[in-house]
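Dropping the sequence and predicted coords here.
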Amino acid sequence: MSITDLERQAQQAENAPVHAIEGRSQWSLTRQRLRRDKVAMASLAVIVIMVLLAIFAPAFAVLVHHPANAAYPITGENSAGQPVGPGTNGFWLGTDDTGRDLMVRVFYGARISLFVGIVTTAIATVAGVTIGMIAGYFGGIIDTILARVTDAVLAFPYVVLALALAVVFGPSLTIVIAVISFFSWAGIARIVRGQTLSLKEKEYIEAARSIGAGPLRIMFIDILPNLLAPVLVLATLYIPSAVVFESTLSFLGLGIQPPTASWGSMLSAAQPFYQTAWWFVVFPALALLITTLAFNLLGDGIRDAMDPTTERLVAARRRKGPRGSPSRSRNDDLDLIIAGDAK
């Protein structure tokens, strides 16, 4: 290359417009990584669809003229008194053991499952974060007592407590929410406690103490924002656990009681019909499987988006490399991720 060409390139570089470097927050980078995760985005779409089906379940009932708890012994059962199959007599997914529209009841069951999952996770998250921060920040005897209570809750058999409460107060939605919330906060509290023990030794916490900040101000203003990322991941993963928990209690007769539609109680009622009415078992079970799987995959995607050094993202970056190029080390992959996020 001649000196003239070098001078021309140098002049072009000097005349090129200077683009300011735009800083981005951790949440902005997380959203960008999450949007690139096709599995997480597909799972989010499934969750949105399930939420819409649950919200508009009454509209579907009006559309097909089949209320959720209305039985149709003439059109909803055959001559032998068995449920009719999908597409028969206007029942898109068939009927259940009493001749009720299975599709409408599955949609109404989504209302119960999603409501229980979201409400119990919210209660457990608030309780777990509060208890975990108190135990981790103050330490000493307070930490010891709260840690032992947490261990006791994690070790307690939840079915025994649910059975006892159902016998004393009777099965109800309130009992289901109380039992699931009681057994869900302990896992969150343990994680938050460990994170708080680490964060309270940071320099900015010492600086806050030096200017006279109190414990409550430090916990909820300085420490809590740094706990939002792991707590969000935990909450996303706890929702499907709560949905399965509710279905289990309803399946055992300790949760939502008939005629209210619940996936667990529908599966319990479908047990005698698994050979003669497969749809009665398959569709409630499929709705439960799809919902829990979507929440779990979305939780994994959020966790990976918040931690770009996970093996799954590194492997994805490696697969996108040019063919025939030499293999890269893990450090090279991490450098590519950091460089990509900085653009």
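Yep, it's here.

wouldn't Ala57 be in contact with Arg111 here?
Yes - counting by CB atoms under 8 Å, Arg111 is a contact partner of Ala57 at 5.9 Å. Glycine gets a C-beta too; all of them are placed from N, C-alpha and C.

The residue most central in space within the chain and Phe183: what is the separation?
Nearest to the geometric centre of the chain sits Thr236, at 2.6 Å (CA atoms, centre = their mean). Here the criterion is CB to CB, to the nearest Å. By it, Thr236 lies 18 Å from Phe183.

just to revisit the earlier point, just to check, the residue nearest to the centre of the chain is in contact with Phe295?
Yes - with contact defined as CB under 8 Å, Thr236 reaches Phe295; the gap is 6.5 Å.

Remind me what the helix of greatest length in the chain packs against, helices and strands.
Identified as the longest helix of the chain according to DSSP state H is helix 102-138. Applying 3 or more CB pairs under 8 Å, 6 or more residues apart in numbering; DSSP states H and E, one finds that helix 102-138 contacts helix 38-55, helix 57-64, helix 140-155, helix 173-199, helix 228-251, helix 263-269, helix 278-306.

Can you point out the buried residues in that helix?
For helix 102-138, a neighbour-count test (16 or more other CB atoms under 10 Å) marks 102-114, 116-117, 119-121, 123-125, 127-137 as buried.

what does stretch 238-252 give?
238-252.

now do stretch 80-90
Under the neighbour-count criterion of 16+ other CB under 10 Å, stretch 80-90 has Pro83, Val84, Gly85 buried.

any chance of these in TSV, plus distance to Thr196, secondary structure and pLDDT?
Shown next, in TSV, are those (distance: CB to CB, whole Å; DSSP: H, G, I helix; E, B strand; the rest coil; pLDDT from 0 to 100):
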residue	distance to Thr196	secondary structure	pLDDT
Pro83	53	strand	92
Val84	57	coil	92
Gly85	56	coil	91
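
What is the nearest of the residues you listed to Ala189?
For the buried residues of stretch 80-90, the closest approach to Ala189 (CB to CB) belongs to Pro83, at 45.2 Å.

Any idea how far apart the tips of stretch 263-274 sit?
Stretch 263-274 stretches 15 Å from its first residue to its last (CA to CA, to the nearest Å).

Touching it from outside, list them.
The contact list for stretch 263-274, computed with CB atoms under 8 Å, 6 or more residues apart in numbering, reads 82-83, 96-97, 105-106, 109-110, 112-113, 246-253, 255-258, 277, 280-281, 284-285, 287-288.

and the closest residue to Ala68 other than its chain neighbours, what pLDDT?
Distances taken as CB to CB, 6 or more residues apart in numbering place Tyr108 nearest to Ala68, at 4.6 Å, with adjacent residues excluded. Here the pLDDT value assigned to Tyr108 is 95.

Quick check: Tyr108 vs Ser247, distance?
Distance, Tyr108 to Ser247, by CB to CB: 14 Å.

quick one: average confidence on stretch 213-220?
Here stretch 213-220 scores 88 as its mean pLDDT.

Could you list the buried residues of that stretch?
Residues of stretch 213-220 classed as buried by neighbour count (16+ other CB under 10 Å): Ile218, Met219.

Start and end of it, how far apart?
First-to-last residue span, stretch 213-220, CA to CA: 11 Å.

Next, the residues that contact that stretch from outside, please.
Met133, Ile134, Tyr137, Phe138, Thr196, Lys200, Ile205, Ala208, Arg209, Ile221, Asp222.

and which of those is nearest Ala164?
Nearest to Ala164, judged by CB to CB, of the contacts of stretch 213-220 is Ile134 at 28.6 Å.

I'd assumed Ala147 was in contact with the closest one.
No - Ile134 lies out of contact with Ala147 (CB under 8 Å); the separation is 11.1 Å.

pLDDT on stretch 87-97, on average?
91.

and for that stretch, what are the contacting residues?
The contact list for stretch 87-97 (CB under 8 Å, 6+ apart) reads 64-66, 72, 75-77, 83-86, 101-103, 105-106, 266, 269-270, 272-273, 277, 279-280, 283.
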